[in-house]
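K.L.:
give me coordinates for this.
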Amino acid sequence: MAPPAAELILIPFLLLLLCRWDLLEVMAATPYPHGGGGDDPLVGASKRYEGSSDLVDLRYHMGPVLSSAPLRLYVLWYGRWDPAHQAPIRDFLLSISDPAPPRPSVAEWWATAALYTDQTLANVTRRVELAGEADDAAASHGGSLSRLDIQRVLAAAVAAGHLPADHRGGAYLVLTAPGVAVQDFCRAVCGFHYFTFPSLVGHTMPYAWVGHSGGRCTDVCAYPFSLPSYMSRSGMAALRPPNGEAGVDGMVSVIAHELAELATNPLVNAWYAGEDPTAPTEIADLCEGVYGTGGGGGYAGKVAVDAQGRSWNVNGRNGRRFLVQWLWSPVAKSCVGPNASD
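P.N.:
The predicted structure is shown next:
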């Protein structure tokens, strides 16, 4: 049987990317702005400000986007999870295609990513279905994972029949519980996305990983609900998380970041800025730290605050609210996103 089209498109890139796996950290989400210490070389000509249109050349590089209607999303919960922590994350994922919540909604935020299109390419899907979940509470591959181990964890779940090998319309999300260490987690990455290698998983399938930073590094991976020391010392105050748990609400923000980039650049050859596919700057990278009007430079922007003082910018199912970062629009040539009011 001939390989699926996505695998054929991948062939010119695979050998290069296999040889440069060590460079993948540049694709990862580090939610607090400017890399944490003010030493980010892009700060001087910052890509992260709403009005930085003249400094950004984000364009289409002829690869596929995720356009299945619906996109079937499969979640693997790795490690021991508290159901109370899973519930907000699950509700966020279910909200992506839920038109019921009042505006601004998670579904409207997702439509920002779905605007990415080319005349020869279908739009990014507006419909995302939570098609399956699996648990690996025993952490079968151990409590310390390499980047490549994330694919091995997925391969084991597929081989055991806990998740299907949906290589034509699926995407995968591996979520590691508190206490699970992942290579570079908390140091250089909070999450990343990529595609599986057929030699490990049997197919080329888009996936993302995000780690739970609670009790480990909320100051790195749960911005703006927890701040690194250099920001705290400057007198800035953290925002209150909308669901009451900085580690969980921070994780939702990173999941949103990675899913938007996974949908628009699944094989690292579609929408990104720069010329090197191993070092792309993607639509969420361009707006790190921007959650509302005026955001950037360590200021999250104007967001809504509820009666309990919790910050949010989108509504979700079951009455939940979330705070997700804005995304870069190639049409507006700026960061765009929801503007919530109290």
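K.L.:
tell me the phi and psi of Ala156?
P.N.:
phi -70, psi -40 (degrees, to the nearest 10).
K.L.:
distance-wise, check it relative to Leu173.
P.N.:
16 Å (CB to CB, to the nearest Å). Bear in mind the C-beta positions are built from the backbone N, C-alpha and C, glycine included.
K.L.:
neighbour-wise, which of these two wins?
P.N.:
Taking neighbours as other CB atoms under 10 Å, Ala156 and Leu173 compare with Leu173 leading, 25 against 16.
K.L.:
what sits against the more buried one?
P.N.:
Under the criterion of CB atoms under 8 Å, 6 or more residues apart in numbering, the contact partners of Leu173 comprise Leu73, Tyr74, Val75, Leu76, Leu93, Tyr207, Ala208, Trp209, Val210, Ile255, Glu258, Leu259.
K.L.:
in TSV: those, plus neighbour count.
P.N.:
Shown next, in TSV, are these (neighbours: other CB atoms under 10 Å):
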residue	neighbour count
Leu73	24
Tyr74	25
Val75	20
Leu76	24
Leu93	24
Tyr207	24
Ala208	25
Trp209	29
Val210	30
Ile255	23
Glu258	24
Leu259	28
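K.L.:
just give me the closest of those residues to Ala181.
P.N.:
Closest approach to Ala181 among the contacts of Leu173 (CB to CB): Trp209, at 12.5 Å.
K.L.:
so Pro178 is in which element?
P.N.:
Using DSSP states H and E, Pro178 is not contained in any helix or strand.
K.L.:
contacting residues for it?
P.N.:
By CB under 8 Å, 6+ apart, the neighbours of Pro178 are Gly79, His212, Gly214, Gly215, Arg216, Gly247.
K.L.:
pretty sure the fifth one is touching Val182, no?
P.N.:
No: taking CB atoms under 8 Å as the definition, Arg216 is not a contact partner of Val182, at 10.5 Å.
K.L.:
those two: which is more packed in?
P.N.:
Neighbour totals were compared for Arg216 and Val182, and Val182 leads with 23 against 18 (other CB under 10 Å).
K.L.:
ok, that one - contacts?
P.N.:
Ser144, Leu145, Ser146, Arg147, Ile150, Thr176, Val189, Trp209, Gly211.
K.L.:
tally of neighbours for the third one?
P.N.:
Same thing as Ser146. 14.
K.L.:
what about stretch 105-118, average pLDDT?
P.N.:
In this model, stretch 105-118 has an average pLDDT of 78.
K.L.:
got the contacts of Pro178 as JSON lines, with secondary structure and pLDDT columns?
P.N.:
Converted to JSON lines, the contacts of Pro178 look like this (DSSP: H, G, I helix; E, B strand; the rest coil; pLDDT from 0 to 100):
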{"residue": "Gly79", "secondary structure": "coil", "pLDDT": "98"}
{"residue": "His212", "secondary structure": "coil", "pLDDT": "97"}
{"residue": "Gly214", "secondary structure": "coil", "pLDDT": "93"}
{"residue": "Gly215", "secondary structure": "coil", "pLDDT": "88"}
{"residue": "Arg216", "secondary structure": "coil", "pLDDT": "90"}
{"residue": "Gly247", "secondary structure": "helix", "pLDDT": "96"}
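K.L.:
compare the residues you listed and tell me which is most surrounded.
P.N.:
His212 leads the contacts of Pro178 on contacts (other CB under 10 Å) with 29 neighbours.
K.L.:
looking at it, that residue is touching Ala181, isn't it?
P.N.:
No: between His212 and Ala181 there is no contact, the gap being 11.3 Å when judged by CB under 8 Å.
K.L.:
please name the residues that touch Met205.
P.N.:
If you count contacts by CB under 8 Å, 6+ apart, then Met205 has Leu154, Ala165, Asp166, His167, Gly170, Ala171, Tyr172, Phe195, Thr196 around it.
K.L.:
which stretches of the stretch 51-200 of the chain form helices?
P.N.:
With DSSP state H, counting those that start in this stretch, the ranges of helices along the stretch 51-200 of the chain come out as 83-95, 106-114, 147-159, 198-201.
K.L.:
out of these, nearest to Ala131?
P.N.:
Using CB to CB, the nearest of the helices of the stretch 51-200 of the chain to Ala131 is helix 83-95, at 10.5 Å.
K.L.:
so which elements touch that closest one?
P.N.:
strand 71-78, helix 106-114, strand 128-136, helix 246-264, strand 321-322 (3 or more CB pairs under 8 Å, 6 or more residues apart in numbering; DSSP states H and E).
K.L.:
remind me which residues of the stretch 51-200 of the chain are low pLDDT?
P.N.:
51-55, 113, 115-122 (pLDDT under 70).
K.L.:
related to what we said a few turns ago, looking at the contacts of Pro178, which is nearest Pro102?
P.N.:
Gly247 (26.7 Å).
K.L.:
so the closest one sits against Gly211, correct?
P.N.:
No: Gly247 is beyond contact range of Gly211, at 9.6 Å (criterion: CB under 8 Å).
K.L.:
and stretch 130-138, which residues are buried?
P.N.:
Neighbour counts over stretch 130-138 (16 or more other CB atoms under 10 Å) mark Leu130, Ala131, Gly132, Glu133, Ala134, Asp136 as buried.
K.L.:
what distance separates that stretch from the middle of the whole chain?
P.N.:
18 Å (CA atoms, centre = their mean, to the nearest Å).
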